[in-house]
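# Next comes the sequence, and after it the predicted model I'd like to discuss.
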Amino acid sequence: MRLVFRATLFLLLGLLAFSLMVPPIAAAPPAGTPTTYTVQAGDTLYSVAVRYHTTVAVLKHLNALKSDLLQVGQQLIVPSSDPSEPAPPATTLPSAPAPSGHSYIVQRGDTLSRIALRYGTTARALADLNDIHNLNLIEVGDALAIPNSSTLVTPGLVLDPPAAHQGGTVMIKVTQPDLVSVSAKVNGETIPFTHTAGYFYGLVGFSRCAKVGSVPLTVTETDATGKTTSASAKITVAATAFPVQSVTIPPGKEALLDPALVKKESDELNAIVGQYTPVRLWSGPFRMPVSGGIVSSYFGTRRSYNGGPVGACGHEGMDIALDGGIPIYADARGRVVFAGLTQVRGNMVVLDHGLGVFSAFFHQSEMDVKVGQMLEAGDLIGKVGTTGLSTGTHLHWSIWVNGVYVDPVEWTKTLVP
């Protein structure tokens with residue numbers, strides 16, 4: 001009996017010891033309910049980000065983390081409750097832009113550039129915020145932090161820049177899935193759009209004497225099913241502080257100020273630059289058409305001729321004073337659509353760069369191109385002179401966007417996709 005008792009006692013003690021060695025099994029949480037993750041030994045922010053289809057930057061934003069260090073047992077808010085769940089199906093654009101510190105879930109067909117356009121930012125800003133070293137490495141289901149941006153009007157509609165100024169140019173970008181066409185009206189004027197990789201865009205030029213304030217914008221979109229939708233917004237136009245200049249016209253040229261003559265020639269020129277070539281012929285920013293010289297009159301300068309009243313609408317371009325005979329070069333790739341002598345503008349060459357963008361070069365002493373000729377940026381156009389309504393040898397350089405004079409210098413800093 002004593003031996004049986006001892007054996008039983010040893011058996012009970014062994015079972016008790018074994019039970020103390022085995023850790024208790026935690027009950028699995030109900031599917032879809034957890035919103036936090038408990039940091040385990042060996043975890044890093046990167047490994048948790050990969051586990052939950054997100055990025056280190058998103059986790060740091062959601063949890064207000066100042067460093068990448070984690071502690072075992074720490075609770076992390078994660079954008080997905082189940083790391084094993086499949087990536088979400090493709091959906092339409094979110095109903096409202098995600099503010100900084102929140103995330104957007106990557107959908108099928110997304111690229112960083114398309115997501116950036118939807119939210120009025122850049123692919124580089126998204127990559128920097130989300131610690132993405134390769135702009136092409138995003139996957140369906142990834143959660144991306146979205147930076148704030150002033151260019152976003154509504155999801156899928158971006159104004160770049162977000163506000164206009166007199167003589168400036170605004171690019172309207174539209175990124176929505178499955179669109180086949182986009183058009184817009186700005187202050188009642190139709191703006192044509194063109195399609196590039198993943199989105200549509202249109203260019204709006206604002207006159208040097210445009211009315212200051214809010215300008216109505218209506219964008220009409222048609223998708224692959226034929227469904228048409230419209231979005232409305234406003235573009236704010238700010239005043240530009242144009243200088244005032246007094247110009248003395250030399251004897252024998254006063255007749256060139258005749259309003260009837262000026263209007264006739266302007267109407268003929270407007271008919272040329274009012275055309276639309278639905279292809280972008282140039283790439284990159286425009287270049288200065290001459291080397292050296294001094295700017296003698298900036299774009300938009302309001303002028304008084306021979307002591308008369310100051311004009312309400314300022315100078316149509318930029319004047320660069322140079323010696324006669326200095327070469328003039330093409331500011332960007334384009335086709336010659338006019339090359340001839342005019343009364344007011346003298347020897348003039350006009351280039352069509354496509355998408356409603358034109359440039360012109362006035363007062364030349366010599367023209368070295370012909371209508372129909374395709375020029376590359378930097379090709380010779382002609383030579384500086386003083387023909388037409390001119391007080392000395394100089395180049396007058398103008399640029400139009402959809403029939404509106406805009407500041408040429410701005411186009412030396414503008415990139416169109």
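The structure has been received and is ready for your questions.
# where are the low-confidence patches of this protein?
Across the chain, the ranges flagged by pLDDT under 70 are 1-35, 41-42, 50, 80-103, 120, 148-154, 417.
# So it: which segments form each domain?
According to automatic domain parsing, the chain is divided into the following domains: 35-149, 152-238, 244-411.
# now those in JSON lines, with mean neighbour count?
The way it works is simple: take the backbone N, C-alpha and C, and place the C-beta from them, glycine included. Shown next, in JSON lines, are those (neighbours: other CB atoms under 10 Å):
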{"stretch": "domain 35-149", "mean neighbour count": "16"}
{"stretch": "domain 152-238", "mean neighbour count": "17"}
{"stretch": "domain 244-411", "mean neighbour count": "18"}
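# how much space between residue 215 and residue 111?
Distance of residue 215 to residue 111, given as CB to CB, to the nearest Å: 31 Å.
# what's the answer for residue 342, then?
Residue 342 is 48 Å from residue 111, where distance means CB to CB.
# repeat for residue 313
Counting by CB to CB, the gap from residue 313 to residue 111 is 43 Å.
# for residue 187, same thing?
Taking CB to CB, one finds residue 187 at 33 Å from residue 111.
# Tell me what residue 380 is bridged to.
residue 329 (DSSP bridges).
# Residue 61: which element?
helix 56-63 (DSSP states H and E).
# again, but for residue 261
helix 259-273.
# Show the subsequent helix or strand relative to that helix.
The first helix or strand that comes after helix 259-273 along the chain, using DSSP H and E, is strand 294-297.
# Using CSV, list the CA coordinates for that following strand.
Output of strand 294-297 as CSV, limited to C-alpha atoms (Å, rounded to 0.1, in the frame of the first residue of the first chain):
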residue,chain,number,x,y,z
ILE,A,294,18.6,93.6,-71.1
VAL,A,295,14.9,93.4,-70.4
SER,A,296,13.6,96.7,-71.5
SER,A,297,9.9,96.0,-70.9
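# State the next helix or strand along the chain beyond that strand.
Downstream of strand 294-297, the next assigned helix or strand under DSSP H and E is strand 302-305.
# Check the spacing between the most centrally placed residue in the chain and residue 380 real quick.
For the chain, the residue nearest the mean C-alpha position is residue 160 (4.8 Å; CA atoms, centre = their mean). According to CB to CB, residue 160 stands 33 Å off from residue 380.
# and what of residue 113?
For residue 113, the distance to residue 380 equals 37 Å [CB to CB].
# do the same with residue 405
Taking CB to CB as the measure, residue 405 falls 25 Å from residue 380.
# Likewise for residue 271?
27 Å.
# Show the residue spans covered by the helices in the stretch 51-200 of the chain.
With DSSP state H, counting those that start in this stretch as the criterion, the stretch 51-200 of the chain has helices at 56-63, 112-118, 123-129.
# Could you list the residues in contact with the last one?
Read that as helix 123-129. Outside helix 123-129, the residues within contact range by CB atoms under 8 Å, 6 or more residues apart in numbering are 57, 111-113, 115-116, 132-133, 135, 144-147.
# Let's have those in TSV, adding distance to residue 398.
Shown next, in TSV, are the contacts of helix 123-129 (distance: CB to CB, whole Å):
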residue	distance to residue 398
57	46
111	37
112	37
113	33
115	38
116	33
132	42
133	44
135	38
144	43
145	44
146	40
147	37
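# so how far does stretch 367-387 reach from one end to the other?
By CA to CA, to the nearest Å, the extent of stretch 367-387 from end to end equals 12 Å.
# For residue 67, see how far away the closest residue to residue 60 other than its chain neighbours is.
Nearest residue to residue 60 in three dimensions, chain neighbours excluded: residue 45, at 7.1 Å (CB to CB, 6 or more residues apart in numbering). Using CB to CB, residue 45 is found at 9 Å from residue 67.
# now stretch 245-258, how far from the centre of its chain.
42 Å (CA atoms, centre = their mean, to the nearest Å).
# hmm, who's touching it?
261-262, 297, 301-307, 315, 343-344, 388-391.
# Now do the end-to-end distance for it.
Stretch 245-258 has its terminal residues 19 Å apart, counting by CA to CA.
# Please name the residues that touch residue 286.
When contacts are counted by CB under 8 Å, 6+ apart, residue 286 touches 331-332, 359, 377, 399, 408, 411-412, 414.
# Now go through these and say which are in strands.
Judged by DSSP state E, the contacts of residue 286 include 359, 399 as members of strands.
# Same list (the contacts of residue 286) but as CSV, adding distance to residue 49.
What follows is these, written out as CSV (distance: CB to CB, whole Å):
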residue, distance to residue 49
331, 47
332, 44
359, 49
377, 45
399, 47
408, 48
411, 42
412, 42
414, 37
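# Residue 48 belongs to a strand, doesn't it?
No: with DSSP: H, G, I helix; E, B strand; the rest coil as the criterion, residue 48 is located in helix rather than a strand.
# residues contacting it?
Counting by CB under 8 Å, 6+ apart, residue 48 touches 37, 39, 59, 70, 76, 78.
# give me that answer again for 10 Å
By CB atoms under 10 Å, 6 or more residues apart in numbering, the contact list for residue 48 reads 37, 39-40, 54, 56, 59, 70, 76, 78, 83.
# how far is stretch 363-378 from where the chain is centred?
In terms of CA atoms, centre = their mean, the gap separating the centre of stretch 363-378 from the centre of its chain is 31 Å.
# on that earlier part again, what's the overlap in contacts for residue 45 and residue 67?
Between them, residue 45 and residue 67 share the contacting residues residue 60, judged by CB under 10 Å, 6+ apart.
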